[in-house]
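K.L.:
give me a 3D structure for the following:
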Amino acid sequence: MADISLVIITYNEAAHIRRCIESARGLADEVLVVDSLSVDDTVAIAESLGARVLLQPFLGYVEQKRFAISQATYPMVLSLDADEALSDTLYQSIAREKEEGLSKDCYSMNRLSNIGNQWIRHGGWYPDRKMRLFDKERFAVEGINPHDKFVPLPGAQTGFLRGDILHYTNSDIESRVKTINHFSTLAAQAFHERGKKGSWIRLLTKPAFRFFIEYFLRRGFLDGFYGYVVARTSAEYVFLRESKLIALQRRSA
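P.N.:
This is a model prediction of the structure:
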């Protein structure tokens, strides 16, 4: 039987951290929380649930994940965000693999997201496959802030686990709007720092293209009202990111 470290990065996640940790109770042999100096009860709640807490000023989403995973005690790491939890089916899938010694280096699974108390099962939000259980020596953290991506290294053996990561992403539309505004700012800044250029063509075409793909091609319309909200705000995210990137270029010209 292999040991697993559950690794979570947090900042003001008092509303979510208990659900996240408790969803892996009995499965994780270590719970490590790397907190970005929260001002709410995140740290106190995590410690009350037996987590080892490290305080680390925020380095960026990709960089913070790298740091947190490097601090895990065990080679096998289960990485969750604070607003995520394991479904019962996914819990059992991981438990079976753990009992058999975790024969693969990296495991992927689907993520199911919730907005306004509705699970979104189509569009751009599902199946949203993620690699979240892995040998920390056999993977890499990539991506552009604020979107990190875990990828297996060449030669790593990969597997897929049944069940879902349950992602409690937005409680309502107002929360969704705040999220896309914040993330679009971070993404535009990251693109700008990498020398990526915005353009009027991208600004005019990419938002509409994103909506068409998510709402029609990926059948977001099957999720009803919130399916439309998700597709529409995804397009708005792209519009804001591209607009902010152009604004950054204009200021630095």
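K.L.:
C-alpha only now, for contacts and for neighbours.
P.N.:
Will do.
K.L.:
for the stretch 151-253 of the chain, what spans make up the helices?
P.N.:
173-193, 200-212, 224-252 (DSSP state H, counting those that start in this stretch).
K.L.:
out of those, which is closest to Thr10?
P.N.:
helix 173-193 (15.7 Å; CA to CA).
K.L.:
angle of that closest one against helix 224-252?
P.N.:
30 degrees (axes from the mean of the first three to the mean of the last three CA atoms, to 10 degrees).
K.L.:
on that earlier part again, distance to Phe139 and mean pLDDT for the helices of the stretch 151-253 of the chain - can I get that in TSV?
P.N.:
What follows is the helices of the stretch 151-253 of the chain, written out as TSV (distance: least, CA to CA, whole Å; pLDDT from 0 to 100):
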stretch	distance to Phe139	mean pLDDT
helix 173-193	22	97
helix 200-212	29	97
helix 224-252	29	97
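K.L.:
winner for burial among those?
P.N.:
helix 224-252 (a mean of 19; mean count of other CA atoms under 10 Å).
K.L.:
for it, packing partners?
P.N.:
Using 3 or more CA pairs under 8 Å, 6 or more residues apart in numbering; DSSP states H and E as the contact test, the elements touching helix 224-252 are strand 118-120, helix 173-193, helix 200-212.
K.L.:
okay, the helices of the stretch 151-253 of the chain in TSV with distance to Phe58 next?
P.N.:
Formatted as TSV, the helices of the stretch 151-253 of the chain follow (distance: least, CA to CA, whole Å):
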stretch	distance to Phe58
helix 173-193	13
helix 200-212	30
helix 224-252	22
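K.L.:
the ones you listed: which one's closest to Glu142?
P.N.:
Minimum separation from Glu142 across these (CA to CA) falls at helix 173-193, 13.0 Å.
K.L.:
and the closest one, what other elements does it pack with?
P.N.:
Counting contacts by 3+ CA pairs under 8 Å, 6+ apart, helix 173-193 packs against strand 139-144, helix 224-252.
K.L.:
which residues are contacting that helix?
P.N.:
For helix 173-193, the surrounding residues in contact (CA atoms under 8 Å, 6 or more residues apart in numbering) are 115-116, 144-146, 170, 197, 229, 233-234, 236-238, 240-242, 244-245, 248-249.
K.L.:
stretch 125-139 too?
P.N.:
Residues outside stretch 125-139 that contact it (CA under 8 Å, 6+ apart): 69-70, 75-80, 105-113, 120-121, 150-153, 156.
K.L.:
picking that back up, make CSV out of the helices and strands packed on helix 224-252 and add distance to Glu99.
P.N.:
Converted to CSV, those look like this (distance: least, CA to CA, whole Å):
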stretch, distance to Glu99
strand 118-120, 31
helix 173-193, 38
helix 200-212, 42
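K.L.:
okay, which residue is most central for this structure?
P.N.:
Central residue of the chain (CA atoms, centre = their mean): Asp81, 6.0 Å from the mean position.
K.L.:
right, and it touches Ile8 too?
P.N.:
Yes. Look at Asp81 against Ile8 with CA atoms under 8 Å: they come within range, at 5.6 Å.
K.L.:
from Tyr11, how far out is Leu55?
P.N.:
Noted for Leu55: a distance of 10 Å to Tyr11, by CA to CA, to the nearest Å.
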